[in-house]
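Novice: next come a sequence and a model predicted from it.
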Amino acid sequence: MEFEQIYKTYWDRIFRLCMGFVNDYDIAQDLAQETFIIVWQKLDTFRNESAIGTWIFRIASNNCLRQIEKEKRFPKSDLPIHLSEEKQHSIEPQIQFLYKCIAELPETDRIIISLELEELKQAEIAKIVGLSEANVRVKIHRIKEKLTQKFKENGQR
Amino acid sequence: MDNDNNIDFKDLWKKQSVSPPDMTDLLARVSKFKKTNLRCLWLTNIFLFATSALIIFVWSYCQPQFISTKIGIVLMILGVLIYLTVYNKLLGNYKNIDANQTNHEYLQSLILIKKKQNFMQTKLMNLYFALLAVGICLYMFEYASRMTVFAASLTYGITLFWMAFNWFYIHPRKTKKQQEKINSLIEKFEEVNNQLV
């Protein structure tokens, strides 16, 4: 598969995964770009052992995890106020609320639910995260319950 | 059928507005990324290599007579070389973590690397300092032996004082800060990794 084609096919999906992880439009865009830089560098090492989607989502989710290090280095609260100003990108408050809730989950749960919402098979999610399929199923169930609960509490229905 | 009580999370999820992919922007970042990486690698290397080059220059130019001087020079260069090798290896490791691992494996690699970094900042720095200190003392002996006793003790006194100051005052303060940072990071990565157990 050509890089350009991959880029066009996966940009939206990777961006949403990153957005679910950090819930910050600019950081998510940075993370997505970093992901594609890695993809671009490593494309020739990709062997067709796994699906290309699994491969890309692994890179993306690992890159999100690495973001934790940067977060520690530059905590958001240290930024001048005008920089952390929220930009209004999403139209519906419900969408914003969903992403906010997801970004508040434990780190690996954010990845798992994002992949589920991207409609990846649970077997594939298991391969990306490194859990058993049964474990993934249970986790997805619990996360969805948690999200539903938050939506109810917030009166978003 | 989703058991999410009729809230269609998937639909909401996909409605997130997405920044349009911009290929030129990406390519610009690729080249910038390469440049900064290289600069980082070169700065430390150039500095340490210059030190070694200077020492070698002194050796060939001043033609030391004593064996202690030569041993001193070898020890200093050895210190620099060991430090350089490990530093470069670690940097390479860090940049080349296989991104195509499961999150679980990836987190473990991150933890391992951070632990190695910890080792580097403590044990390896100690070794580096020790080699350098012993090396300098041996190196100075030949020249000090030609001085008066007073001048020689003054030279050694100042040098040893400066080393002690670095070792007991500056070094611990610097490493303490870095260590705290790395340890908190290891802790965080371990916490995330435990979410997967």
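Specialist: Happy to help now that I have it. Numbers count the residues shown, from 1 in each chain, chains lettered A, B, ... in the order given.
Novice: point me to the residue of chain A nearest chain B.
Specialist: A:Gly130 (2.9 Å; C-beta to the nearest C-beta). (Each C-beta comes from the backbone N, C-alpha and C, glycine too.)
Novice: was I right about that residue contacting B:Asn193?
Specialist: No: contact criterion C-beta atoms under 8 Å: A:Gly130 and B:Asn193 do not qualify, at 9.7 Å.
Novice: which residues do these two both contact?
Specialist: B:His104 (C-beta atoms under 8 Å, 6 or more residues apart in numbering or on different chains).
Novice: A:Ile113: what's it in contact with?
Specialist: Contacts of A:Ile113 (C-beta under 8 Å, 6+ apart): A:20, A:102, A:105, A:140, A:143-144, A:147.
Novice: switch to 6 Å and redo it
Specialist: Neighbouring residues of A:Ile113 by C-beta atoms under 6 Å, 6 or more residues apart in numbering or on different chains: A:102, A:143.
Novice: again, but for the one 3 residues further on
Specialist: By C-beta under 6 Å, 6+ apart, the residues touching A:Glu116 are A:Ile140.
Novice: run the last query once more with 7 Å
Specialist: Going by C-beta atoms under 7 Å, 6 or more residues apart in numbering or on different chains, A:Glu116 touches A:125, A:140.
Novice: with the one 4 residues further on instead?
Specialist: By C-beta under 7 Å, 6+ apart, the residues touching A:Leu120 are A:Phe57.
Novice: what helix or strand is it on?
Specialist: Using DSSP states H and E, A:Leu120 falls within no helix or strand.
Novice: going on from the lowest-mean-pLDDT helix or strand in chain A, what's the next piece of helix or strand?
Specialist: The least trusted helix or strand in chain A, going by mean pLDDT, DSSP states H and E, turns out to be helix A:81-84, with a mean of 45. Tracing the chain C-terminally past helix A:81-84 and defining elements by DSSP H and E, one meets helix A:93-103 next.
Novice: elements contacting that next one?
Specialist: Under the contact criterion of 3 or more C-beta pairs under 7 Å, 6 or more residues apart in numbering or on different chains; DSSP states H and E, helix A:93-103 touches helix A:3-22, helix A:107-117, helix B:9-14.
Novice: contacts for whichever helix or strand comes after the second one?
Specialist: In the C-terminal direction, the helix or strand that comes right after helix A:107-117 (DSSP H and E) is helix A:122-129. Residues outside helix A:122-129 that contact it (C-beta under 7 Å, 6+ apart): A:50, A:54, A:57-58, A:61, A:108, A:111-112, A:115-116, A:132-133, A:136-137, B:102-104, B:196.
Novice: can you check stretch B:129-140 too?
Specialist: For stretch B:129-140, using C-beta under 7 Å, 6+ apart, the contacting residues are B:68-69, B:71-73, B:75-76, B:78-79, B:155-156, B:159, B:163, B:167.
Novice: how about 6 Å then?
Specialist: Residues from elsewhere that reach stretch B:129-140 (C-beta under 6 Å, 6+ apart): B:68-69, B:71-72, B:75-76, B:78-79, B:163.
Novice: tell me the one of these nearest chain A?
Specialist: Checking the contacts of stretch B:129-140 against chain A with C-beta to the nearest C-beta, the nearest one is B:Gly79 at 29.4 Å.
Novice: so which helix or strand takes in the closest one?
Specialist: Element membership for B:Gly79 (DSSP H and E) is helix B:67-95.
Novice: figure out how far stretch B:15-27 is from the centre of its chain.
Specialist: 35 Å (C-alpha atoms, centre = their mean, to the nearest Å).
Novice: endpoints of it, how far apart?
Specialist: With C-alpha to C-alpha, to the nearest Å as the measure, stretch B:15-27 spans 28 Å from end to end.
Novice: pLDDT weak spots in chain B?
Specialist: B:1-6, B:33, B:37, B:40-41 (pLDDT under 70).
Novice: what are the ranges of the helices in it?
Specialist: Secondary structure of chain B by DSSP state H: the helices cover B:9-14, B:23-62, B:67-95, B:103-119, B:125-144, B:149-165, B:171-194.
Novice: now tabulate those in a markdown table and tack on mean neighbour count.
Specialist: Listed next are the helices of chain B as a markdown table, based on neighbours: other C-beta atoms under 10 Å in any protein chain shown:
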| stretch | mean neighbour count |
| --- | --- |
| helix B:9-14 | 17 |
| helix B:23-62 | 12 |
| helix B:67-95 | 16 |
| helix B:103-119 | 19 |
| helix B:125-144 | 18 |
| helix B:149-165 | 12 |
| helix B:171-194 | 14 |
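Novice: what sits closest to the residue nearest the centre of chain A if chain neighbours are left out?
Specialist: Closest residue to the average C-alpha location of chain A: A:Leu17 at 2.3 Å, with C-alpha atoms, centre = their mean. Closest residue to A:Leu17 apart from its sequence neighbours, by C-beta to C-beta, 6 or more residues apart in numbering or on different chains: A:Ser114 at 4.6 Å.
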